[in-house]
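Engineer: only geometry, no sequence info:
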């Protein structure tokens, strides 16, 4: 991010307030990714080069990695429906930031198929037992779908699953729609969960402000 | 680039934040000509909202506001930092965040609009600590009200909830209703402790006000209110411009020129982004450039006439750096769901520790139960704990509805050893040195923070809390103050009670840099009140001689 900002010359900084936008290439790319679905990989590769406009994107490339990622994601979220366009963008971002994730997603896919694993907990436990490094891949997949972040960049904000599962109580910041003083109403009670973690715990590091 | 040397106005103001823009608005509406020089660019809300939504680290208040090469500001609060270099035993506790843009740092404040207590202005007389200000609460009271009207402050009826700062007028708007979480917290404190929770005065609309809408509770006051229901300095800029004030963005003032006698300022000089130099002359000058940048500019202007810097015959420019350095903890409540984050960010405060006889020994403080959306925090925590799938979703809901964050503003004292100087090694794109600050937390503040920790532990116990995460060390609150300290004696202070520099009769400073002590409430309303008092003084002198 820092590098991208620095690459903007003084003229572009001064051209208009738009010049002070953060991380321009990320936003362009994210739009392209979402518009073009699985064909997004081509757009992701174009980062930093000439912006790829949606209507010039060639026919979608059927990366088998994306299909495997979607299958593994359905399992690890215990969900039957996930947005494939978001999935393609998450996979592309994850693999771009950490190339070994492609092979790790393939390993998770194989593990799930060969051991006929059904639930997220089953797959996660089996994966960590088989290969400790797969835990990092699972974390990335969880961060992707639930936080909407891949490779340290925001792929989706409002559509992240963490907001889907809390939407009966709270709005994503900057998207409140309850009207003035909605906040005085009583939100839903939440019972203490009884489910157990499937993976070993990791250090929890809060990013400094 | 050819340099313009013909700019001139009755009053030249450096800095376009709350202080500079509100002075400009007052003066231009009184018929005076005003030029405001702002180091940073002109910006608009929607780009910052978009930047926020694209930011991975959402709690980074500086994150959506990238700075320009010619007017850098701290990119974050990390230490070491790429702009504000802090040193000393408590270097990390002084890692302040602020913005250099048109409108200033209130683009990302939380709107907390406290008046100081009368005792805050008389700490030395009442408690034998720190200093007294060279003005009293009564001197400032009319300007507090003027600032509240300018910003649009909502607050409680003093006959029902007296916040300790006597008022001649009610708040311009009714208090903001507490959120469900805030109300539950208030009930707990009322029923189970000797303390109380009050409605925090807020520069936030509880009805349409000054052409801005009622707050809709987007919970994003910091870093950026998406709809402008919260006041920030840009509104005073717009009002001042509409009345004819001239604002020049990307104008980095680097020199303050004086007459041969060194008694009057004759002009300021600024660089444009290409380092073309421009001279702006005037009758009066106001430096309103934030506590850190104001002291930096005065030191930067050192020359043969003033080898230690402008307005610095006392040697106190850059000294006495203060903040509300506090304590912060996050934990998971074991009681019923609170769902913090529904509504504005900071609405309730425990105010019992703002004053007391113990202030002769330890600093005062106030406590915020921060009403912050915890969904992202909960998600990161649940993933780190090892949850996946359905169990992860249950955890996210539980943690998001039960996470509580408390933090405090603890009172510092003016210590000349806590000092801002110019970096000898680090410079910006124009060759201007970065600021550096030596900071050692006063024992007065350390004892205050110890007391706060004991109160927080009691609160965690009362709420059956688990998973305590204490922010390591001390928590900077971005309320820097004291760098051009006010006092009656020119030998140990920089400005007098009217914020006029002792050394230069037509040079004023309007900033938290003039604070003699720092009290406990957020500093912005006091900055605005002081600025409006400076405007009043200037109007009297310029219009009535």
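Structural biologist: Cool, the structure landed. None of the values given here were measured: they were computed from a predicted structure. Numbering: from 1, shown residues only, chains lettered A, B, ... in the order given.

Engineer: which residues in the stretch 1-150 of chain B form helices?
Structural biologist: Secondary structure of the stretch 1-150 of chain B (DSSP state H, counting those that start in this stretch): helices at B:18-29, B:45-53, B:123-127, B:137-151.

Engineer: now residue B:97: how far from residue B:133?
Structural biologist: The gap separating residue B:97 from residue B:133 is 26 Å, by Cβ to Cβ, to the nearest Å. Any C-beta I mention is one placed from the backbone N, CA and C, and that applies to glycine too.

Engineer: Would you mind naming what in the stretch 251-400 of chain B lies close to chain A?
Structural biologist: Within reach of chain A by Cβ under 8 Å from any Cβ of the partner chain, the stretch 251-400 of chain B has these residues: B:273-274, B:336-337, B:339, B:341-344, B:373, B:375-381, B:383-398, B:400.

Engineer: do stretch B:104-124 and chain A meet?
Structural biologist: No - applying Cβ under 8 Å from any Cβ, one finds stretch B:104-124 separated from chain A by no less than 10.9 Å.

Engineer: which stretches of chain A have low pLDDT?
Structural biologist: A:1-61 (pLDDT under 70).

Engineer: Next up, phi/psi of the closest residue to chain B within it, please.
Structural biologist: When distances are taken as Cβ to the nearest Cβ, chain A reaches nearest to chain B at residue A:120, 2.4 Å away. The phi/psi pair for residue A:120 (degrees, to the nearest 10) reads phi -60, psi -40.

Engineer: wait, which of the helices of the stretch 1-150 of chain B is closest to residue B:415?
Structural biologist: Nearest to residue B:415, of all these, is helix B:123-127, at 13.4 Å by Cβ to Cβ.

Engineer: Give me the residues contacting the closest one.
Structural biologist: B:119, B:129, B:130, B:131, B:132, B:357, B:359, B:360, B:517 (Cβ atoms under 8 Å, 6 or more residues apart in numbering or on different chains).

Engineer: From chain A, how far off is residue B:308?
Structural biologist: Distance of residue B:308 to chain A, given as Cβ to the nearest Cβ, to the nearest Å: 33 Å.

Engineer: Can you read off the backbone torsions of that residue?
Structural biologist: With angles defined as degrees, to the nearest 10, residue B:308 sits at phi -100, psi 10.

Engineer: Residue B:443 now?
Structural biologist: Dihedral angles (degrees, to the nearest 10) for residue B:443: phi -60, psi -30.

Engineer: circling back to that earlier point, and the two most separated of the contacts of helix B:123-127?
Structural biologist: B:131 and B:357 (19.1 Å).

Engineer: who has more neighbours, those two?
Structural biologist: Using other Cβ atoms under 10 Å in any protein chain shown, the more surrounded residue of residue B:131 and residue B:357 is residue B:131, with 23 against 8.

Engineer: mind listing what the residue lying closest to that one once chain neighbours are set aside touches?
Structural biologist: Leaving aside its sequence neighbours, residue B:131 sits nearest to residue B:516 (Cβ to Cβ, 6 or more residues apart in numbering or on different chains; 4.5 Å). With contacts defined as Cβ under 8 Å, 6+ apart, residue B:516 is in contact with B:121, B:130, B:131, B:132, B:133, B:134, B:414, B:482, B:485, B:486, B:487, B:493.

Engineer: And residue A:116, by the same measure?
Structural biologist: Contacts of residue A:116 by Cβ under 8 Å, 6+ apart: none found.

Engineer: what's the helix or strand for it?
Structural biologist: Counting by DSSP states H and E, there is no helix or strand that carries residue A:116.

Engineer: quick one: it from residue B:504, how far?
Structural biologist: Applying Cβ to Cβ, the value for residue A:116 to residue B:504 is 83 Å.
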